[in-house]
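> Below are the sequence and a predicted model for it; my questions follow.
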Amino acid sequence: MDDDAQLVTTPDGPASAPRRSRVPAVIRALRPKQWVKNLLVFAAPLAAGRVLQPSVLTATLLALVAFIGVSAFVYLVNDSRDAADDRLHPTKRLRPIAAGELSVPVALCLAAVCLTGSLVLGFWTSTTLGYVLVVYAVLQIGYTLWLKHRPIVDLAIVALGFLLRALAGGVASGIMISQWFLLVASFGSLFMVAGKRYSELVQLGPEAGTRPSLAAYSADYLRFVWASSATLVVTFYSLWAFDQRTRVLWNVPWTAVSIAPFTLAILSYARDIDRGEAGEPENVVLHDPVLIVLGVLWLASTGLAVLTRPV
């Protein structure tokens, strides 16, 4: 469910009147809950073991802010264009633009401000980061206007959005991106996107046929895509982990140890997908306690691996 409102439930089911959020409409229209996706900018600096270097950390934080701005631009344009359709959706109708709390002209003006600010910040931080932001914006607007109803292409575009986030932290700080990182990030992105579509298909049931982005897929096909992607993600991550040369701390190869929480986290997320609960990845990340614990364990083992990596 979106963060702009919640439905009031009764013993007989959802009530017709929603309980509105106290957060101002202009803030909710930026979808702050979905900003958690932008934390992927830390992926490359973390994998390289340089995330705590002051210059790298500063550049990565700037990339994070820039991606928050450009993603907010995309959300505002998307919601402005889809306002009429969103009013017919049980939860999207509560978004500020669809609900009439924020006018389309104001939303588009705010979108222009967000895009301009993010591009200025991105090019100031790193020319390459600026280009990454431009590519992201163009792809996502193309998705919003033309490509969201094209089978396979829509999966690729959304997955590229996750991948570009993962690359942003690296290009912002001049970190060399390895082939293993690209493989893990690419198939990890496809895993999340196919899982999102599968969950939406499960949640909507027969009504999924009314949405062009879902009507072209069967549940079996999407299951094949996310299951295959999950297998490849774990495989490539394991190959990367075994390829790392680290000193052994307390007689424990921490990079190899990180494979366990990583794999269990993928399996935990796959369980959420299978139950149709991964339609909004940010909600899974924020509210699945098992996934949170596994994420902490993975960060701990990866951090120890970084500390024991030869300089």
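Perfect, I can see it now. Owing to the predicted nature of the structure, the values given are computational and were not obtained by experimental measurement. Numbers count the residues shown, from 1 in each chain.

> where are the low-confidence patches of the stretch 151-300 of the chain?
Within the stretch 151-300 of the chain, the ranges that satisfy pLDDT under 70 run 205-213, 245-252.

> For the longest helix seen in the chain, list every residue counted as buried.
Using DSSP state H, we find that the single longest helix of the chain is helix 54-81. Applying a neighbour-count criterion of 16 or more other Cβ atoms under 10 Å, one finds 56-57, 59-60, 62-64, 66-81 buried in helix 54-81. C-beta here means a position set from N, CA and C on the backbone, and glycine is covered the same way.

> after it, next one along is what?
Once the chain leaves helix 54-81, the next helix or strand it forms, by DSSP states H and E, is helix 83-86.

> Now do that next one: distance to the chain's middle.
23 Å (Cα atoms, centre = their mean, to the nearest Å).

> Next: stretch 86-100.
From the chain centre to the centre of stretch 86-100 is a distance of 22 Å (Cα atoms, centre = their mean).

> how about the helices in the chain?
Along the chain, counting by DSSP H, helices occupy 25-28, 43-48, 54-81, 83-86, 104-125, 127-142, 153-172, 179-204, 212-215, 219-243, 254-257, 259-274, 281-287, 289-307.

> Against residue 260, how distant is the spatially most central residue of the chain?
Closest to where the C-alpha atoms of the chain average out (Cα atoms, centre = their mean) is residue 37, at 3.6 Å. The gap separating residue 37 from residue 260 is 25 Å, by Cβ to Cβ, to the nearest Å.

> ok, now which ones touch residue 173?
Listed by Cβ atoms under 8 Å, 6 or more residues apart in numbering, the contact set of residue 173 reads 45, 50, 55, 56, 59, 60, 126.

> I misspoke; the intended subject was residue 181.
43, 44, 47, 166, 170, 240.

> Can you lay out these as JSON lines showing neighbour count and distance to residue 135?
Formatted as JSON lines, the contacts of residue 181 follow (neighbours: other Cβ atoms under 10 Å; distance: Cβ to Cβ, whole Å):
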{"residue": "43", "neighbour count": "23", "distance to residue 135": "17"}
{"residue": "44", "neighbour count": "28", "distance to residue 135": "16"}
{"residue": "47", "neighbour count": "24", "distance to residue 135": "21"}
{"residue": "166", "neighbour count": "22", "distance to residue 135": "13"}
{"residue": "170", "neighbour count": "29", "distance to residue 135": "15"}
{"residue": "240", "neighbour count": "19", "distance to residue 135": "25"}
